[in-house]
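> structure, please.
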Amino acid sequence: MTDSKYFTTTKKGEIFELKAELNSDKKEKKKEAVKKVIASMTVGKDVSALFPDVVNCMQTDNLELKKLVYLYLMNYAKSQPDMAIMAVNTFVKDCEDPNPLIRALAVRTMGCIRVDKITEYLCEPLRKCLKDEDPYVRKTAAVCVAKLHDINAQLVEDQGFLDTLKDLISDSNPMVVANAVAALSEIAESHPSSNLLDLNPQSINKLLTALNECTEWGQIFILDCLANYTPKDDREAQSICERVTPRLSHANSAVVLSAVKVLMKFMEMLSKDLDYYGTLLKKLAPPLVTLLSAEPELQYVALRNINLIVQKRPEILKHEMKVFFVKYNDPIYVKLEKLDIMIRLASQANIAQVLAELKEYATEVDVDFVRKAVRAIGRCAIKVEQSAERCVSTLLDLIQTKVNYVVQEAIVVIKDIFRKYPNKYESVIATLCENLDSLDEPEARAAMIWIVGEYAERIDNADELLESFLEGFHDESTQVQLQLLTAIVKLFLKKPTETQELVQQVLSLATQDSDNPDLRDRGYIYWRLLSTDPVAAKEVVLAEKPLISEETDLIEPTLLDELICYIGTLASVYHKPPSAFVEGGRGVVHKSLPPRTASSESTESPETAPAGAPSGEQPDVIPTQGDLLGDLLNLDLGPPVSGPPLATSSVQMGAVDLLGGGLDSLMGDEPEGIGGPNFVAPPAATVPANLGASMGSGLSDLFDLTSGVGTLSGSYVAPKAVWLPAMKAKGLEISGTFTRQVGSISMDLQLTNKALQVMTDFAIQFNRNSFGLAPAAPLQVHAPLSPNQTVEISLPLNTVGSVMKMEPLNNLQVAVKNNIDVFYFSTLYPLHILFVEDGKMDRQMFLATWKDIPNENEAQFQIRDCPLNAEAVSSRLQSSNIFTVAKRNVEGQDMLYQSLKLTNGIWVLAELRIQPGNPSFTDLELSLKCRAPEVSQHVYQAYETILKN
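Numbering: from 1, shown residues only. Below you'll find the predicted structure:
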C-alpha cells in the first residue's frame, strides 16, 4: 500500500458542497445555503467562486432570500465585474415588481454596486423608480442618485437625474423631500461651484412644511440645508426662525444642534432692538441646558458647541452658570470643558459664586483639573476687575497649602495678574519668594524669575535669588534661560553697581557656552545695547509693558463666524474649519454668517469680494506664512528708499543690517534681468525723449495731443480684489488694485480690520521684482484702525527699486506690518501700469526696429469678440499709453501699427489686424515684437484687459 491514500479523499470540500446546495430544487435548502455563504463571507472566507450560483438564486419571490443575494452581490461585484453584469436583467425586472419593498431593495443595491460597466444599464430602472408611485421607492431612489453621482458624475448630469432630484424637493411626502435634500447636499459638497440647491422663498417654504413630518435624520438634512440659505431681509429671517424654533424641543440632540445652528446664523440678520430677538435668546437657553443631562460623550460635544455659542452670544446663557458647575462623577474631559465655559460666563453678578466653586475644585485629587481650576481663578481676576482682590487672596490661601503643583500654577497666574494690574498687589511678592525652592516646572520657574526681575527694586536679595537660578543655568529649559537672561539685565539696569559681575556671568553663559540660537542672539543684543548705549538699553528693557487683555484664548472673529456655521459637526468639536482636517480639502467651502440687514454694520464695500470668495482675476499665488517668502521678506519695514538703488547688496536697516548680507544674500546671486543685456537700469525720472522728434511726422500727430507727458483720462483700472483675506492675517483684510494716472503709478489699497483689537503702526515693503516696483512713500494710515473699520489709501509707487526676474514676470511679493504681526502676500500687477507716456515711436524708427528684431521674437495672439471698431480700439489703447504709429486698410481689414515703452526702457512693437465679424463684435489678431520676448504674453494680457473692459 502506497502513501497516495493520504492525498485522495471522497470529500469534495466546503465550496463544492455549497455549490450543490445552491443548485438544489428545494427552496429551504437554497436559502440555508445562501445563509452559509453569507456567514463565510462575513468571517472573511473567499466565496467568490460561487458567484454564478448565488446570482441564479436571485430569481425568487422570497424577500429574505433576495436580500441575502443582494448582500452577496454588493460585496463581490467589484472583484467580479463581468459576472455582475449577469444580475442586471434581474435588477431591471425587480424595479418593476408589484411589491414596493422589492423595487426599493433593487434600487438601493444598484446604488451600492460601484462598477462602472454596470452603471449605464441602471439608468432606466433608476429613472422609473424616481417617478414611482410609492414614496418609499422614491426616497430610496433619491439617495441612489447621490451614490451614482459619486461613481460617474457626468452620466448623472447627462441623464437629467439632477433635475428630477430638484423636482423631488416639491414632493408631497416629507421623507422623499428630506432624502432629495440630503442627496443634493451631498452632490453639492463635492462640487462647490455648482448651484444645485438653488434655494428661493418658495422652496424654503416647502422644506419648512416637510420639516414637521420628517423622521429625525430627515429633519437634520433639511435644517442643514436651511443653514446654507441667506434670507433676503430680516422679515424672512424672522419668519424662518419662528418655524424652526419648535425643533429645539426635539428629543434627538443632533436635531437640537442643527436648529441652534440655523437660529444662530439667522439672528445675525435680526436687529437687537426687536422684541423677537430677546424672545429667541430666551428660547435658546433651555435646550442647550437639557443637552447637559445626557451621557458624558454627548455632554462633551454639547459643551464644545456651547463654548462657541458663548463666545458669539454670551447673553444666551448668562443666567445659567449653575449648570456648568462640575459634578463629582463627571469625566475629566467634561470637567475641563465646563471650567472653560464658567470663565467665559463669569461676570460681576456671579463672580462670588464662581470663585467659591473654583476654590473647592482646587482641593480635588485630579491634578490636571486642579491646575486648570487654579488657572481659572487667575483668569477671573483678569476678566472681572472687582474680583481681583478676592482672587489674589484665594490664590495666597492655595499657596499656603504647600501642595507643589498648586503653588506652581498659582505663581504662573499671579504673574499675569501683575501684568494686568501693575503696582497693586506687589505686597504678595514676599510670600511668593518663600516658595522659590519648591518650583521645579519650567513655566513656574520662568514666571517667578520674571517677577523677581520686574520688581527687583522691591526685593532686597533679588541678586541672590537670581544667582541661585544661575548655578544650574545649562540644565534649565530654554524658557527659563531666556527669562533669567532678561531678568538679570533688568536687575543690572536697576542696581548697576551691585550686579556687574552677575550680568557679565549670564551674558558669557548665554553667548559663549550656549548652542541655542535664540538665547545667543538675545545675549548678543543685550551685550551690544549695554556696551554702546546704556540709556537706550534702559528704554528698551525697562519700557512700560502693555496691559494683557482679558480673554487671551478667544477664537479669532472670522474663524468663530465660520465655526458657528458648522455647529453640530466635527468642526465645532475640533474648533477648526473643515479645511484644516478634511484630507485634500475636496468640496470644503468656507462659510460665513450673513451680513446684518437691520443696521448698517456691514463695512464691506460693494467692490470688495468677501474674504473667502475667490476673486475672478486673482491667481493663486498667495504663499503660506511658513514658506520661503516669509523668510525673505523678514527685514526692516521702515520708509522705503526713494532714490536709485544702492550699489551695495545690504538692505538699509537703521544703523545695523541684522541680516548681514540683507535680502540679496538670502536670494543668492543677482540673476540676469529680463531679456539679458536689454534690461536696462530704470531711469531716475521718465522724460519724454522723442517729444521733439515726433512733432514733424505728418498729419497723424495733430491727433496726438495726448502723447506728451500724460493722459488726463488715465489708463484702465481693474476693480479691487481681495489680496490678503482676514483669515490669513489675524483679522486684517487687504483689497487693492493698481492705477496709472498722468505718469504716476499707485497701489490703491483698502484695509479692513475684522479683528477685536485696534490696529496701528502700519508699514509696507515689496520684495525685489522684475520691474523694480517699490513704494515711493511710507504707508500712511493717519488714525488707528478700529475693529470693523475700513480705510482707503493710495500708495504712490516708483520703479527705482531692486530688480530681480520673477515667475510669473508680473508677480509682486508684499510684506505688510502692523502692531500685531508681519503678513505676506503675492499679487499680479497688470503690465499696462508700466507703459510710459513717451512710448510713441517715429514711423521710420518703427520700420527699422521691426526689421531689426529677429523673427523668432515675434509672438501671435488672438483677441476674440472685441466690442470696438478700429477708431475706438486706437483711442482706448492710447489712453493706456499704447500709441498708434500708422494705420492702413488692406482688403477691407484695418491694420494698426503700434508702439509702447516700458518703464525700464524696453520697447514693444505691435501689429493689430481688425477683422470685421458681426456688426457688434470684431476679432483681433495681434503680432508683438520685442527684444525681451518673455514680456509679450503679459503685453497681450494687457491688450485684452484694456479692450474688453
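> pretty sure Gln500 contacts Phe492?
Yes. Using Cβ atoms under 8 Å, Gln500 makes contact with Phe492 at a distance of 7.1 Å. (Each C-beta comes from the backbone N, C-alpha and C, glycine too.)
> the more surrounded of those two?
Phe492 (26 against 11; other Cβ atoms under 10 Å).
> which helices and strands does the helix or strand hosting the more buried one pack with?
Assigned by DSSP states H and E, Phe492 falls within helix 478-494. Counting contacts by 3 or more Cβ pairs under 8 Å, 6 or more residues apart in numbering; DSSP states H and E, helix 478-494 packs against helix 442-454, helix 462-470, helix 500-511, helix 517-532, helix 534-541.
> in the protein, which spans are strands?
All strands of the chain, identified by DSSP state E, fall at 721-724, 732-741, 744-753, 763-766, 774-775, 790-798, 811-817, 822-828, 858-866, 883-890, 893-901, 907-916, 922-930.
> let me know which of these is the nearest to Arg876.
Across the strands of the chain, Arg876 has its closest neighbour in strand 858-866 (9.6 Å, Cβ to Cβ).
> for Val181, report the pLDDT, please.
As predicted, Val181 sits at a pLDDT of 87.
> thought it was touching Ile222?
Yes. When contacts are counted by Cβ under 8 Å, Val181 is listed as touching Ile222 (5.6 Å).
> residues shared between the contacts of those two?
Leu207 (Cβ atoms under 8 Å, 6 or more residues apart in numbering).
> quick one: low-confidence ranges for the chain?
Within the chain, the segments meeting pLDDT under 70 span 1-2, 4-13, 192-195, 550-552, 584-590, 596-714, 916-920.
> center of it - which residue?
Taking Cα atoms, centre = their mean, the centroid of the chain lies closest to Met727, which sits 5.5 Å from it.
> how close does it get to Leu439?
40 Å (Cβ to Cβ, to the nearest Å).
> and what of Ala388?
In this view, Ala388 and Leu439 are 24 Å apart by Cβ to Cβ.
> contacting residues for Ala373?
339, 358, 361-362, 364.
> got TSV for the helices and strands packed on helix 478-494, with distance to Ala302 too?
What follows is those, written out as TSV (distance: least, Cβ to Cβ, whole Å):
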stretch	distance to Ala302
helix 442-454	31
helix 462-470	45
helix 500-511	49
helix 517-532	42
helix 534-541	48
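> looking at the ones you listed, which is closest to Pro201?
Among these, helix 442-454 sits nearest to Pro201 (Cβ to Cβ), with 56.1 Å.
> how close does Leu101 sit to Lys282?
From Leu101 across to Lys282, the span is 47 Å (Cβ to Cβ).
> quick one, which of the two is more surrounded?
Set side by side, Leu101 and Lys282 show more neighbours around Leu101, with 15 against 11, by other Cβ under 10 Å.
> my guess is Pro81 contacts Arg114. True?
No. Applying Cβ under 8 Å, one finds Pro81 not in contact with Arg114, separated by 9.8 Å.
> how far away is Ile351 from Thr394?
Ile351 is 11 Å from Thr394, by Cβ to Cβ.
> nearest residue to Thr209 in space, please, no chain neighbours.
Pro174 (7.9 Å; Cβ to Cβ, 6 or more residues apart in numbering).
> where along the stretch 501-650 of the chain do the helices fall?
Listed in chain order, the helices of the stretch 501-650 of the chain (DSSP state H, counting those that start in this stretch) span 517-532, 534-541, 557-564, 570-574, 628-632.
> buried deepest among those helices, which one?
Each of these was given a mean neighbour count from mean count of other Cβ atoms under 10 Å, and the largest, a mean of 21, is that of helix 557-564.
> and the contacts of that one?
Counting by Cβ under 8 Å, 6+ apart, 261, 264-265, 308-309, 311-312, 554-555, 571-572, 575, 577, 590-593, 611-612, 726-727, 731, 754-756 sit against helix 557-564.
> over to stretch 306-313?
By Cβ under 8 Å, 6+ apart, the surrounding residues in contact with stretch 306-313 are 260, 264, 267, 281, 284, 288, 291, 316-317, 337, 340-341, 344-345, 554-555, 560-561, 563-564, 567, 572, 575.
> with that, I have no additional questions.
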